[in-house]
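Asks: How does the following fold in three dimensions:
(chains A, B, C and D)
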Protein chains: 2
Amino acid sequence: MSLIDQISDQAPALTPSEKRLVENVIERPTAAALGTAGELARAAGVHEATASRLAKKLGFDSYAAFRDALRDEFIATRETATRFEKTIAESSSDTILGKLARDEAQALGRIEEFINPDQIAEIAVMLMNANRIYVYGYGNAEVLALMMVKRFRRFGKAVHQLDTDPRGLAEQMLGLGTGDVVLSFAFRRAPRGYAALIETAREAGATTIMISGKSGALLAPGPDHILAAPRSGDPDAFQTLTVPMTVCNAIIIAAGLTAKEKSLKMLDRLGQLIERFE
Amino acid sequence: MSLIDQISDQAPALTPSEKRLVENVIERPTAAALGTAGELARAAGVHEATASRLAKKLGFDSYAAFRDALRDEFIATRETATRFEKTIAESSSDTILGKLARDEAQALGRIEEFINPDQIAEIAVMLMNANRIYVYGYGNAEVLALMMVKRFRRFGKAVHQLDTDPRGLAEQMLGLGTGDVVLSFAFRRAPRGYAALIETAREAGATTIMISGKSGALLAPGPDHILAAPRSGDPDAFQTLTVPMTVCNAIIIAAGLTAKEKSLKMLDRLGQLIERFE
DNA sequence: ACCATTCTGCAAGACATCTTGCAATCAAAA
DNA sequence: TTTTGATTGCAAGATGTCTTGCAGAATGGT
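Replies: Below is the predicted model:
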C-alpha cells in the first residue's frame, strides 16, 4: 500500500491539527522526509506530540517509521535503483556472464548519482578547446587511455598518450604548457608517477582531469577536475572498466556535439553521429 | 565549495578509519545522507566516535552539519531554486550520460539471450590451453584487443597482438601453428584483412574465435567459434564497446577460475580473485 | 628498543528527538 | 447550562544520537 493510500484511508478521521500536518507533508514531502517530528509540527503550527500521534494513527509504529515511508516515496535514491533492477531481474541466472551483466547494469544505473551532466559537458568542452591533450593510463586503465586517444584523434585534436615508464613520461612532459589538458585515469590506487604528473602539469599551467572509481576523491594532490563513479556494486568483486568507459563515451558524445552546430537539441542528434564515430 | 572538494582538501590527512568512512560515503552517498553517524560507522566497520570526528575534521561543526551537506549534494529536494536543475536532470534522465547508462544496462540485460554460459567456459578453456594466443582488433576494437592481451599475459600466456597493417600482419602470421588460437574482434563490418586472417589460421591448424556485435553471423569465412551479442538497444545510436567488453570480462573470469582448483563453486570465488586481476 | 605521536574504541554524558500520561480546552448533545 | 467525549498542549521521561575525555594500540622516528 502506498503512502498516499494510507493517508487517504484515514483522511475522514483526521482532526484539524492532523489535517494541517498532512497538508504540510503533501506540500513539501521531501522536507518532511528529512526533518524531525518537531520541525514538521512547527511548520504546521501544531505541537510536536500531535505529529507523533499522527504517525501512529496512520498505521506506523513510530514517527521514525512514518518518515522512512516518506523517504521511500519521495527521495530519489530508490527509484533509480528499482528502474534498473527491472531490466536485470529477467536475466537472473547464476552464471558468470549473467552475474557480471547484472552487476554492470546496476553500477551503470547509479552513475548519475555521482556525476552530473554539467560536468560531462564541461569536460568535453575543455578537451575540445585544449591546445594539446595528454592521456595517461597505467595498468588496466591503459585500455581506456587508448580509447580516448583514438576518439579524440578522430576529432582532429593533437593527442599524446603518455608513457607509463617514469623516464619516458618525464621526457614527454617537457612540452607541456598552458592551454594543454592532461587526462588521467586512476582505479583502486594512484597510478605510478601520479603525483609528479599532476604537479608538473600544474607548474606548466595545464589543466588536469581525472576519471576514476570511488577512490578518486582520496587522491593527493587533487586534479583540477574529477569524474568519479564507483564500479560494479560489490567492491570486493572483480572490478571492470564498464562504468568509467561509459563516462568516457558520454564525454566523447558530448565532445562530438560540441564540435557541430550547437543549436540542435543534443539527444536528437545522437543518431546522426554514427558515421563520425565508427 | 562542493563536498567533494572539501573531502579532497583533507584527503592526504585522513586516517585509515576515516578513509573507510569516506569510501563508504562515496559509495552510497544517499544512505549516508539519510542515516545516522552510528549507521555509517557500522557500515564502515569503525566506531561511531570516528564518524563524529571525521565530520569535524572535514570542516563541519557537527556530524549533523556534515549530513546536511550530503543531503544538499546527493538528495534532490524539489523546493529550493538552487536545486531545480538537479531535479530536472535526475527526473528526466534525458542527459547524454543518463541515456547512455540506460541503453547500456538494457543491452547488458539481453546478453544472455545471445550467448550461453557454456560458450564462455569453452572459450576460456580454449584460450588457457592455447599454445600461443594471437589477438586481432582493428579500429575501436583495438581497445578490447589490448585489454585481452594484458589480461592473458598476466595469466602467463604467450600473447601476441597482431598488427593492423597488412604487411606487419602477414609477417606475424608466419609463426602460426597447430594449438594456437586467434582471437579476433569485428563490429559493424569485417576488419581489414579479416578473410586472409581466418584462411591463414585455418591452413596453419589454428583455432579461430570471434567476438562481435550482431553482424558477426554474417562474416565470411566464418570463424570456428563465435560470440555475438548486439550492442546498445538502438542500432542507429552511437554504439559502444560495453557489451563486448562484458563478454570479454566473463571470459577472463572464467579463465581465471579454470586456472585454479576447479572444485570450488565458481561464483563463490569471484571475490577472491581480485588480487590476481588488479 | 625506546619514546613521542597519532589513532581509535570505549563509555559516560550531553544533546536531540520521540512518546505518553495528564489536564485544560473546545464542541456537541442532553 | 451541564455533561460527555474528543482534541491538543504541556512536560516528564524514554529513547535515540552525538560528542568527548581517556586509555590502550598502533605507528613512526631516534
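Asks: Near DNA strand D, which residues of the stretch 51-200 of chain A? Just list them.
Replies: Applying CB under 7 Å from any atom of the strand, one finds that the stretch 51-200 of chain A approaches DNA strand D through A:53, A:64. In short, each C-beta sits where N, CA and C put it, glycine included.
Asks: The stretch 51-200 of chain A: helices as residue ranges?
Replies: When assigned using DSSP state H, counting those that start in this stretch, the helices of the stretch 51-200 of chain A occupy the ranges A:63-74, A:77-89, A:96-109, A:111-114, A:117-129, A:142-154, A:166-173, A:194-204.
Asks: what stretches of the stretch 51-200 of chain A score poorly on pLDDT?
Replies: Applying pLDDT under 70 to the stretch 51-200 of chain A flags the ranges A:76-94, A:188-189.
Asks: Grab the nearest non-local neighbour of A:Ala141.
Replies: Of all residues not flanking A:Ala141 in the chain, A:Phe185 sits nearest, at 3.6 Å (CB to CB, 6 or more residues apart in numbering or on different chains).
Asks: now the one you found, which residues is it bridged with?
Replies: A:Ile211 (DSSP bridges).
Asks: could you list every residue that touches it?
Replies: Residues near A:Phe185 by CB atoms under 8 Å, 6 or more residues apart in numbering or on different chains: A:136-138, A:141, A:144-145, A:191, A:210-212, A:244.
Asks: Show me which of the residues you listed is closest to B:Ala32.
Replies: Nearest to B:Ala32, judged by CB to CB, of the contacts of A:Phe185 is A:Ser212 at 19.2 Å.
Asks: Save the contacts of A:Phe185 as CSV, and put in neighbour count and distance to B:Ala158 too.
Replies: Listed next are the contacts of A:Phe185 as CSV, based on neighbours: other CB atoms under 10 Å in any protein chain shown; distance: CB to CB, whole Å:
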residue, neighbour count, distance to B:Ala158
A:Tyr136, 27, 28
A:Gly137, 25, 24
A:Tyr138, 22, 23
A:Ala141, 23, 24
A:Leu144, 22, 25
A:Ala145, 24, 25
A:Pro191, 21, 27
A:Met210, 23, 35
A:Ile211, 29, 32
A:Ser212, 26, 32
A:Pro244, 26, 29
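Asks: can you put these in TSV and add distance to B:Thr95?
Replies: Below are those laid out as TSV (distance: CB to CB, whole Å):
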residue	distance to B:Thr95
A:Tyr136	27
A:Gly137	25
A:Tyr138	30
A:Ala141	25
A:Leu144	21
A:Ala145	25
A:Pro191	29
A:Met210	21
A:Ile211	17
A:Ser212	20
A:Pro244	17
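Asks: quick one: which of the residues you listed is nearest to DNA strand D?
Replies: Closest to DNA strand D out of those is A:Pro191 (21.3 Å), distances taken as CB to the nearest atom of the strand.
Asks: burial count for whichever residue of the stretch 51-200 of chain A sits closest to DNA strand D?
Replies: Of all residues in the stretch 51-200 of chain A, the one sitting closest to DNA strand D is A:Arg53 (6.4 Å; CB to the nearest atom of the strand). Counted with other CB atoms under 10 Å in any protein chain shown, residues neighbouring A:Arg53 total 17.
Asks: Longest helix in chain A, please.
Replies: helix A:242-259 (DSSP state H).
Asks: Check which helices and strands that one sits against.
Replies: helix A:96-109, helix A:111-114, helix A:117-129, helix A:142-154, strand A:207-212, helix A:274-277, helix B:96-109, helix B:242-259 (3 or more CB pairs under 8 Å, 6 or more residues apart in numbering or on different chains; DSSP states H and E).
Asks: Look up how far DNA strand C lies from the residue nearest to the spatial centre of chain A.
Replies: What sits nearest the mean C-alpha location of chain A, by CA atoms, centre = their mean, is A:Phe114, with 2.4 Å. Distance, A:Phe114 to DNA strand C, by CB to the nearest atom of the strand, to the nearest Å: 25 Å.
Asks: What number of residues are in the vicinity of the closest residue to A:Thr240 other than its chain neighbours?
Replies: Closest residue to A:Thr240 apart from its sequence neighbours, by CB to CB, 6+ apart: B:Asn249 at 5.0 Å. B:Asn249: 26 surrounding residues under other CB under 10 Å.
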